[in-house]
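Asks: For reference, the sequence and a predicted model appear below.
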Number of protein chains: 2
Amino acid sequence: MPLFSAKLEYALRSLLYLAQQPPGVPIQSRDIAEAEYIPGPYLDQILAVLKRAGIVRSIRGVGGGYELAKPSAQITVGDIVRAFSGNRSFEPSEALVRDAAETTTIHCIREFQRRASDAIWRLLDSTTIQHLLEQKRLLDQAQSIAPYL
Amino acid sequence: MPLFSAKLEYALRSLLYLAQQPPGVPIQSRDIAEAEYIPGPYLDQILAVLKRAGIVRSIRGVGGGYELAKPSAQITVGDIVRAFSGNRSFEPSEALVRDAAETTTIHCIREFQRRASDAIWRLLDSTTIQHLLEQKRLLDQAQSIAPYL
DNA sequence: TTAATCCTGACTATCCTGATAAGTTATTGT
DNA sequence: ACAATAACTTATCAGGATAGTCAGGATTAA
């Protein structure tokens, strides 16, 4: 499962979009799809996953929609990645895990992989939706001042 | 392209194996395959890639084989990953690169991806075959002292 | 009750990975 | 020269994952 799949990017875009909305007003998946250019039915699947993971909350029926289930400062990119890949991205490929009988060669390679994996998770877990949103606001501001840069 | 594919692990194992051999004596792909439990013909493909990337050198004909093309301290894991994935692992999925028209939302997500990607490359590029080999030697030593640990 | 909305599952196309198979080319020993 | 050896190349294939579509069912507000 690639580190940066379309699915993950769609999820991030959706959450960033939700984070910008006034609280208390549910946003329909259709609005998100249009605003962020995401294929509607595909987005539905993504939102379902985010809901199961407790990242968004949904309200059904007329006037329903989605909203963040917690403050954007408490949603990390790591949470989102985990929601999709069940916590085992970047692990050694399944095919190989069998011969875990393991020479020391294999062992030290796995150790290295673990270190790399940990480094990635640290980064993902230390970045929140709010962080990304702050970046976006800076960009928006810069663009409104010097639009052609 | 997964960060830790079977291909990459096979490559690392092969190179670690080669790095342990006395210099000047070419090692046959068959020997590597047997020693490291790698499917023979598959290993051939991998070695071909490593050769094109200038990581190993080959000698054909009777008594031929493979050897490292440079000292193990000068071969980084990053070099090996690049050899396979043409330098663009961990980049955003192709499907999405089209809408590079790009809202600021997309822009700040890509920025984050770039930061993560850079962090991974720094790690990969700062680890050499020799580093891994040193780890392995420590493990071997520890095991010969306390074999059942 | 009806319309809006979420929700679910099945289905498809396409690509990638891991692997096999078969044949070609180069080098060396006799 | 020629046979043995080993590197090299190309084609092919199965399985799984990704990205996406589609049809319908469940829930709720008006």
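Replies: Yes, it's here. Residues are numbered from 1 along each chain as shown, chains lettered A, B, ... in the order given.
Asks: make it CA atoms for all contacts and neighbour counts henceforth
Replies: Fine.
Asks: Got phi/psi on the residue sitting nearest the centre point of chain A?
Replies: Geometric centre of chain A, nearest residue: A:Ile80, 3.6 Å, by C-alpha atoms, centre = their mean. Main-chain torsions, A:Ile80, degrees, to the nearest 10: phi -70, psi -40.
Asks: so how far is A:Pro26 from it?
Replies: 20 Å (C-alpha to C-alpha, to the nearest Å).
Asks: go on, A:Val56?
Replies: Using C-alpha to C-alpha, A:Val56 is found at 11 Å from A:Pro26.
Asks: Same question for A:Glu67.
Replies: If you go by C-alpha to C-alpha, the gap between A:Glu67 and A:Pro26 works out to 5 Å.
Asks: overlap in contacts of those two?
Replies: Shared contacts of A:Glu67 and A:Pro26, defined by C-alpha atoms under 8 Å, 6 or more residues apart in numbering or on different chains, are found at A:Ser58.
Asks: For these two, indicate the residue with more neighbours.
Replies: A:Glu67 (25 against 19; other C-alpha atoms under 10 Å in any protein chain shown).
Asks: State the pLDDT value of the residue nearest to the centre of chain A.
Replies: Per-residue pLDDT puts A:Ile80 at 97.
Asks: right, and it touches A:Leu8 too?
Replies: Yes: with contact defined as C-alpha atoms under 8 Å, A:Ile80 counts as touching A:Leu8 (7.5 Å).
Asks: Get me the contact residues on chain A for DNA strand D.
Replies: A:1-2, A:5-7, A:39-42, A:59-64 (C-alpha under 7 Å from any atom of the strand).
Asks: Now, these that are in helices?
Replies: A:6-7, A:40-42 (DSSP state H).
Asks: Select the longest helix from chain A.
Replies: Longest helix in chain A, counting residues (DSSP H): helix A:104-125.
Asks: Run the angle between the helix or strand following that helix and helix B:104-125 for me.
Replies: Counting by DSSP states H and E, the next helix or strand C-terminal to helix A:104-125 is helix A:129-145. When axes from the mean of the first three to the mean of the last three C-alpha atoms, to 10 degrees is applied, the directions of helix A:129-145 and helix B:104-125 differ by 120 degrees.
Asks: and helix A:129-145, what does it pack onto?
Replies: helix A:6-19, helix B:104-125 (3 or more C-alpha pairs under 8 Å, 6 or more residues apart in numbering or on different chains; DSSP states H and E).
Asks: switch to 6 Å and redo it
Replies: Helix A:129-145 sits against helix B:104-125, with contacts defined as 3 or more C-alpha pairs under 6 Å, 6 or more residues apart in numbering or on different chains; DSSP states H and E.
Asks: Check which helices and strands the helix it packs on sits against.
Replies: Using 3+ C-alpha pairs under 6 Å, 6+ apart, the elements in contact with helix B:104-125 are helix A:129-145, helix B:77-85.
Asks: mind checking pLDDT for A:Ala11?
Replies: For A:Ala11, the model assigns a pLDDT of 98.
Asks: Who are the contact partners of it?
Replies: Contact analysis of A:Ala11 by C-alpha atoms under 6 Å, 6 or more residues apart in numbering or on different chains lists nothing.
Asks: A:Pro39 versus that one, what's the distance?
Replies: The gap separating A:Ala11 from A:Pro39 is 12 Å, by C-alpha to C-alpha.
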